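Trainee: Build me a structure from this.
(2 chains)
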Amino acid sequence: MLDEDLFVACPPTEDSEIDDEMVEQVSWEYLAEKELPNIAVYLLKIGATPEEARDCARIALHQSWEKRDTIDNMRAYLRVTAKNIYLRSVPKQVPLEECDDPPAPEHLSPAARVEARDEVARVMAAIRELPLSQAEAVALTLDGFTTSEIVAITGSTPAAVRTALHRGRAALKKRLAPQPEKDDA
Amino acid sequence: MTDEELDRLLTRTDRALLHAWHAEFARMPRPAPPGAGPAEPVLPAETVEIDLVATGQFHSYLVSLLAITDLLVEVTAHLGREGRMVTSQVRGHLDRLRAGLDTRTLRRDDALDLIADIRSAERRLRAMMLWEFAPSTCRCTYTALDNLSDAIANLRRQVHALFGDSDTRDLAQR
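Mentor: Residues are numbered from 1 along each chain as shown, chains lettered A, B, ... in the order given. As a prediction, the model looks like this:
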């Protein structure tokens, strides 16, 4: 498409090194802006407190960035790293469901906040009540990962991931179904 | 509850949480990459000056503009909505550049600013590619990105040569 002859009068500049630095900077900013919230939400779903989610997401970002040249799927790697950091930091005897509530959407408009707060809390509580494998399968699917990527992230098998997703969704449907109103009469 | 209802509920929850966490991280000091200094990205100084008459490349900017337009289509084919948004902005810049250069109504600084914005958009597209697709899995797009970068560099040199140290009045007189 580009004909070299067209640019014969335009010798190349020697700014490639600076360009690389700028690409690195922009890449970092893009990654931080786009992925930090996603990682935090993922960690919340598998039981992290807001503080743990925030800290683990940032640590995972730094650790993954240092290995960026060797990573093929950065989004998946970030989640694996974040989960490992989180699980290492959580005492095994603390049940996930005893963690604090996830943050309410405090930065939405007041009207949207009132409307969304209860629903978010209810859905997140239901997800966090799931076994870890099911919560992970549901969270990662929502995050846009394919089954094969979830297998890579969780170290499981395709069949186990599909089963976990199916059972997780079935449990969520049951727990989140609208409760029939009781007839007091 | 049906699958569709569950999906809608989960998506709504995700959106609300992500909104909250985007705001949360936006309020915090922006993290710096490990080992990075406080370096401010600075555009490289222009090092190449081309004499317009000697090169005979008066309208070569049109070639670069068309090349950039074509390459943007290639690059953003895999980048979804975010890629299309960046491309849309770049197309606006390209249109302004072409109209301004064709009618000799664009000032040199404005033209170079537009090109700087196009360069910035190209870097953003490259960043998106780097984190979405490994170079080994999407070689054609990376090649297109490299060509896009070259085309922008050429455009900048051509516009620079077109103006030289002149202002728009000088250009109109050529």
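Trainee: When you work out contacts or count neighbours from here on, use the C-alpha atoms and nothing else.
Mentor: OK.
Trainee: how distant is stretch A:74-90 from the center of its chain?
Mentor: Centroid displacement of stretch A:74-90 relative to its chain, using C-alpha atoms, centre = their mean, to the nearest Å, is 10 Å.
Trainee: That one: which residues count as buried?
Mentor: Neighbour counts using 16 or more other C-alpha atoms under 10 Å in any protein chain shown place A:74-83, A:85-87 of stretch A:74-90 among the buried residues.
Trainee: and chain B, which of the residues you listed reach it?
Mentor: A:74-75 (C-alpha under 8 Å from any C-alpha of the partner chain).
Trainee: Relative to chain B, which of the buried residues of stretch A:74-90 is nearest.
Mentor: Closest approach to chain B among the buried residues of stretch A:74-90 (C-alpha to the nearest C-alpha): A:Met74, at 6.1 Å.
Trainee: The nearest residue to that closest one once chain neighbours are set aside: neighbour count?
Mentor: Nearest in space to A:Met74, with sequence neighbours left out and distances taken as C-alpha to C-alpha, 6 or more residues apart in numbering or on different chains, is B:Trp131 at 6.1 Å. Counted with other C-alpha atoms under 10 Å in any protein chain shown, the neighbours of B:Trp131 add up to 19.
Trainee: In terms of helices and strands, where is B:Trp131?
Mentor: helix B:108-132 (DSSP states H and E).
Trainee: so how far is stretch A:153-167 from its chain's centroid?
Mentor: Using C-alpha atoms, centre = their mean, the offset of stretch A:153-167 from its chain centre is 17 Å.
Trainee: Oh, that last question was meant for stretch A:69-80, not what I typed.
Mentor: 12 Å.
Trainee: For it, give me every contacting residue.
Mentor: The contact list for stretch A:69-80, computed with C-alpha atoms under 8 Å, 6 or more residues apart in numbering or on different chains, reads A:35, A:39, A:42, A:60-61, A:64, A:68, A:149, A:152-154, B:131-134.
Trainee: How about the residue most central in space within chain B, nearest residue that isn't a chain neighbour?
Mentor: With distances taken as C-alpha atoms, centre = their mean, B:Ala121 lies nearest the centre of chain B, 2.2 Å away. Excluding its sequence neighbours, the residue lying closest to B:Ala121 (C-alpha to C-alpha, 6+ apart) is B:Val86, at 6.3 Å.
Trainee: picking up where we left off before, the helix holding B:Trp131 packs against which elements?
Mentor: Secondary-structure packing of helix B:108-132 (3 or more C-alpha pairs under 8 Å, 6 or more residues apart in numbering or on different chains; DSSP states H and E): helix A:16-45, helix A:74-89, helix B:80-102, helix B:139-163.
Trainee: which stretches of chain B have low pLDDT?
Mentor: B:27-60, B:78, B:133-137, B:164-174 (pLDDT under 70).
Trainee: can you list the domain ranges for it.
Mentor: B:1-32, B:54-173 (automatic domain parsing).
Trainee: Kindly compare burial across these and name the winner.
Mentor: A comparison of the domains of chain B by mean neighbour count, using mean count of other C-alpha atoms under 10 Å in any protein chain shown, puts domain B:54-173 on top with a mean of 18.
Trainee: so how far is that domain from its chain's centroid?
Mentor: 7 Å.
Trainee: Just send the domains of chain B back as CSV, with distance to A:Val123 too.
Mentor: CSV is the format used below for the domains of chain B (distance: least, C-alpha to C-alpha, whole Å):
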stretch, distance to A:Val123
domain B:1-32, 7
domain B:54-173, 28
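Trainee: mind listing what the residue lying farthest from the centre of chain B touches?
Mentor: Computed with C-alpha atoms, centre = their mean, the maximum C-alpha offset from the centroid of chain B is found at B:Met1, amounting to 45.5 Å. B:Met1 sits next to A:173-174, A:176-178 when contact means C-alpha under 8 Å, 6+ apart.
Trainee: Out of the helices and strands packed on helix B:108-132, flag the one nearest B:Arg8.
Mentor: For those, proximity to B:Arg8 was assessed by C-alpha to C-alpha; helix A:16-45 is nearest, at 16.9 Å.
Trainee: Remind me what the closest one packs against, helices and strands.
Mentor: Using 3+ C-alpha pairs under 8 Å, 6+ apart, helix A:16-45 sits against helix A:50-66, helix A:74-89, helix A:110-129, helix A:132-142, helix B:3-27, helix B:108-132.
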